[in-house]
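A.B. asks: Give the three-dimensional model of this entry:
(4 chains)
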There are 2 protein chains.
Amino acid sequence: MTERAETLRRAPLNRDRVLRAAVALADDAGIEALSMRKLAQELGVVPMALYKHVANKEELLDGMVDVIVGEIDPPIHGAEWKDAIRRRILSARQALLRHRWASHVIESRTQASPVVLDYMNSVIGMFLAGGFSADLTHHVMHALGSRMWGFTQEVFPTPPPPADPDAQAAMFRQLAARYPHIIEIATAGSHDEGSAVGRGCDDQFEFEFALDVLLDGFERLHRQGWHSTGSRNGTRTAG
Amino acid sequence: MTERAETLRRAPLNRDRVLRAAVALADDAGIEALSMRKLAQELGVVPMALYKHVANKEELLDGMVDVIVGEIDPPIHGAEWKDAIRRRILSARQALLRHRWASHVIESRTQASPVVLDYMNSVIGMFLAGGFSADLTHHVMHALGSRMWGFTQEVFPTPPPPADPDAQAAMFRQLAARYPHIIEIATAGSHDEGSAVGRGCDDQFEFEFALDVLLDGFERLHRQGWHSTGSRNGTRTAG
DNA sequence: GACGGTAGGTGTACGATGTACACCATGTCA
DNA sequence: TGACATGGTGTACATCGTACACCTACCGTC
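C.D. replies: Got it, this is the predicted structure:
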């Protein structure tokens, strides 16, 4: 009878509660720890109960992405296109930073949900409203790629340096001998010169740097009245 | 006795053969079908035999990436930096296109192998040889991101249109009503105007378009003698 | 007031996966 | 001859997603 009472006391699950719990669990325990079983346990329910609210795990992940996309600020009106888009993308980035697993999940999606399509549609609208041709906007959206979601994959992050200073120095010498160029730019870009492979790297700066190179490039092409040629083959953007 | 004879007849496995077989299996059956068991079966060996050659599945995947990176052409000498880097990255792209699973595996790596570090070191060397400062090169490498491996994630590919022409037209109208901007640029960018969500999209063109926007931007910053400010905060690239 | 349908939760069971651990066969060198 | 390394085997286990059959509570209709 106690289980029965408990079941009754508990408000019935719905899709939204399932998704929010999944997001919270991924935030706390990491995305790799998110299993249907653990999520069910978190909700005080048997694993199969979840399948009344999401078709399968993939759909669960889709829904989690929707939750995150819902956290992105709407476009501000009245601003110039470049600034408006820049702000919006940086807002997307903030949302992703709040949920570190999100970029990996976004990467793994194979279909866009309506929520995701809404966001893309809206970003595209911002370029068009800024006077971009549909043609240029098309390519510009491709060029933005994952950056429109506020992330770029930092492929192959350098391993954390060992704690022991001696080992660290030895490793540094070894790396410098084998990969001199990597070490050269790693130390150049980091704030604190000495510290091995330079984990003084400012991710936010790097993101904005690349975003601005792209946006500046888009602006230039737009001003030039750029359009893709008919044949498309061998076309160069001719900076 | 026959199994014994078979074991003897078979040349002993080594890391290289394991990795090549894994690449071949992923090429044929897709990366999601690559399991330690299936790979072992393919090699006529019991699953646990693989663990004498790779520590675990993650290391197997690391090794597979090394095989692919090994297919990238070495830098051509004597060329101007921009053209040399452009060609090299397009060569990387060709390698990835030969192995469609590779970009996903690269994204999932958490550590760079020596082979990967060699490649990065070499690309960095090409910028430095072109006269780029270590500072600018640092940021430029971040901005390239996954593009230096020859891919950009095409986040959320549009679903393939239904075969039935009537259903296709209905879907088109529905999408156009809900996501007008998406449809506008999708049809603008596609070769064949009418065909629904425009799967005439030329991936190679999009890749080169974005790559050139970036390389042109880098060139401009280089010519201007760009360098990051000391504080780094609020810096804009000032196109 | 009986009844059928639906929404939500349960319980059991299955196949697939990565891999720990103990073991065995072979070849090499002291 | 014997120690040892190298490579392959066999068994076993925990974890995962999820199919399937079932139960229960509720709600609208006759």
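A.B. asks: how near is residue A:177 to DNA strand D?
C.D. replies: Applying Cβ to the nearest atom of the strand, to the nearest Å, the value for residue A:177 to DNA strand D is 27 Å. The C-beta positions use only the backbone N, C-alpha and C, and glycine is treated the same way.
A.B. asks: Sorry, slip of the keys, the one I care about is residue A:49.
C.D. replies: From residue A:49 across to DNA strand D, the span is 9 Å (Cβ to the nearest atom of the strand).
A.B. asks: can you pull the contacts of that residue?
C.D. replies: A:13, A:40, A:43 (Cβ atoms under 8 Å, 6 or more residues apart in numbering or on different chains).
A.B. asks: Quick check: the last one touching residue A:21?
C.D. replies: Yes. Contact status for residue A:43 versus residue A:21: in contact at 5.4 Å, counting by Cβ atoms under 8 Å.
A.B. asks: In helices only, show me the contacts of residue A:49.
C.D. replies: residue A:40 (DSSP state H).
A.B. asks: how about the contacts of residue A:49 in JSON lines, adding distance to chain B, neighbour count and pLDDT?
C.D. replies: Below are those laid out as JSON lines (distance: Cβ to the nearest Cβ, whole Å; neighbours: other Cβ atoms under 10 Å in any protein chain shown; pLDDT from 0 to 100):
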{"residue": "A:13", "distance to chain B": "28", "neighbour count": "17", "pLDDT": "93"}
{"residue": "A:40", "distance to chain B": "25", "neighbour count": "19", "pLDDT": "98"}
{"residue": "A:43", "distance to chain B": "28", "neighbour count": "19", "pLDDT": "97"}
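A.B. asks: Keep only the contacts of residue A:49 that also lie close to DNA strand C.
C.D. replies: residue A:13 (Cβ under 7 Å from any atom of the strand).
A.B. asks: Out of the contacts of residue A:49, flag the one nearest to residue B:101.
C.D. replies: residue A:40 (31.4 Å; Cβ to Cβ).
A.B. asks: now the closest residue to that closest one other than its chain neighbours: how far from residue A:36?
C.D. replies: Leaving aside its sequence neighbours, residue A:40 sits nearest to residue A:47 (Cβ to Cβ, 6 or more residues apart in numbering or on different chains; 4.2 Å). Counting by Cβ to Cβ, to the nearest Å, the gap from residue A:47 to residue A:36 is 5 Å.
A.B. asks: mind listing the helices for chain A?
C.D. replies: So, for chain A - with DSSP H - the helices run A:2-9, A:15-29, A:36-42, A:57-69, A:81-98, A:102-108, A:114-129, A:134-144, A:165-178, A:180-189, A:203-223.
A.B. asks: Comparing those, which yields the minimum mean pLDDT?
C.D. replies: Lowest mean pLDDT of the helices of chain A: helix A:2-9, a mean of 44.
A.B. asks: list the contacts for residue A:211?
C.D. replies: Residue A:211 makes contact with A:86, A:89-90, A:147, according to Cβ under 8 Å, 6+ apart.
A.B. asks: Buried members of those into ChimeraX, please.
C.D. replies: Here is the ChimeraX selection string for the buried members of those, based on 16 or more other Cβ atoms under 10 Å in any protein chain shown:
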select /A:86,89,147
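A.B. asks: Tell me the one among the contacts of residue A:211 nearest to residue A:56.
C.D. replies: residue A:147 (29.8 Å).
A.B. asks: Tell me if I'm right that that closest one and residue A:214 touch.
C.D. replies: Yes. Counting by Cβ under 8 Å, residue A:214 is a contact partner of residue A:147 at 7.1 Å.
A.B. asks: about what we covered before: which one of the helices of chain A lies closest to residue B:99?
C.D. replies: helix A:102-108 (17.5 Å).
A.B. asks: Now residue A:19: closest residue in space, sequence neighbours ignored.
C.D. replies: Per Cβ to Cβ, 6+ apart, closest to residue A:19 is residue A:63, 4.4 Å.
A.B. asks: Count residues in the vicinity of the closest residue to residue A:97 other than its chain neighbours, would you?
C.D. replies: Among residues not flanking residue A:97 along the chain, residue A:150 sits closest, at 7.8 Å (Cβ to Cβ, 6+ apart). Residues lying near residue A:150 (other Cβ atoms under 10 Å in any protein chain shown) number 23.
A.B. asks: Would you confirm that residue A:150 contacts residue A:88?
C.D. replies: No. Here residue A:150 lies out of contact with residue A:88, judged by Cβ under 8 Å, at a distance of 9.3 Å.
A.B. asks: Spit out the residues that contact these two alike.
C.D. replies: Common neighbours of residue A:150 and residue A:88 (Cβ under 8 Å, 6+ apart) are residue A:72.
A.B. asks: coming back round to it: let me have the contacts of residue A:211 in a markdown table, extended by distance to chain B.
C.D. replies: Supplementary listing: those in a markdown table, determined by distance: Cβ to the nearest Cβ, whole Å:
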| residue | distance to chain B |
| --- | --- |
| A:86 | 10 |
| A:89 | 13 |
| A:90 | 12 |
| A:147 | 8 |
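A.B. asks: between the contacts of residue A:211, which is nearest residue A:69?
C.D. replies: Taking these together and measuring to residue A:69 by Cβ to Cβ, the closest member is residue A:89, at 12.8 Å.
A.B. asks: re earlier: switch the helices of chain A over to TSV; also include distance to residue B:68.
C.D. replies: Shown next, in TSV, are the helices of chain A (distance: least, Cβ to Cβ, whole Å):
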stretch	distance to residue B:68
helix A:2-9	52
helix A:15-29	30
helix A:36-42	33
helix A:57-69	27
helix A:81-98	28
helix A:102-108	18
helix A:114-129	30
helix A:134-144	23
helix A:165-178	21
helix A:180-189	20
helix A:203-223	24
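A.B. asks: Which among the ones you listed is found nearest to residue B:125?
C.D. replies: Minimum separation from residue B:125 across those (Cβ to Cβ) falls at helix A:180-189, 4.5 Å.
A.B. asks: Which positions in that closest one come out as buried?
C.D. replies: For helix A:180-189, by 16+ other Cβ under 10 Å, it's A:181-189.
A.B. asks: Residues of chain A that sit close to DNA strand D?
C.D. replies: For chain A, the residues in contact with DNA strand D (Cβ under 7 Å from any atom of the strand) are A:4, A:8, A:33-38, A:47-48, A:51, A:56-58.
A.B. asks: isn't residue A:123 right up against residue A:86?
C.D. replies: No. If you go by Cβ under 8 Å, residue A:123 and residue A:86 don't touch, sitting 11.4 Å apart.
A.B. asks: what's near enough to touch residue A:88?
C.D. replies: A:72-73, A:75-76, A:123, A:126.
A.B. asks: which of those residues count as buried?
C.D. replies: A:72, A:75, A:123, A:126.
A.B. asks: distance of the first one from residue A:89?
C.D. replies: Looking back up the chat, that one is residue A:72. Distance of residue A:72 to residue A:89, given as Cβ to Cβ: 9 Å.
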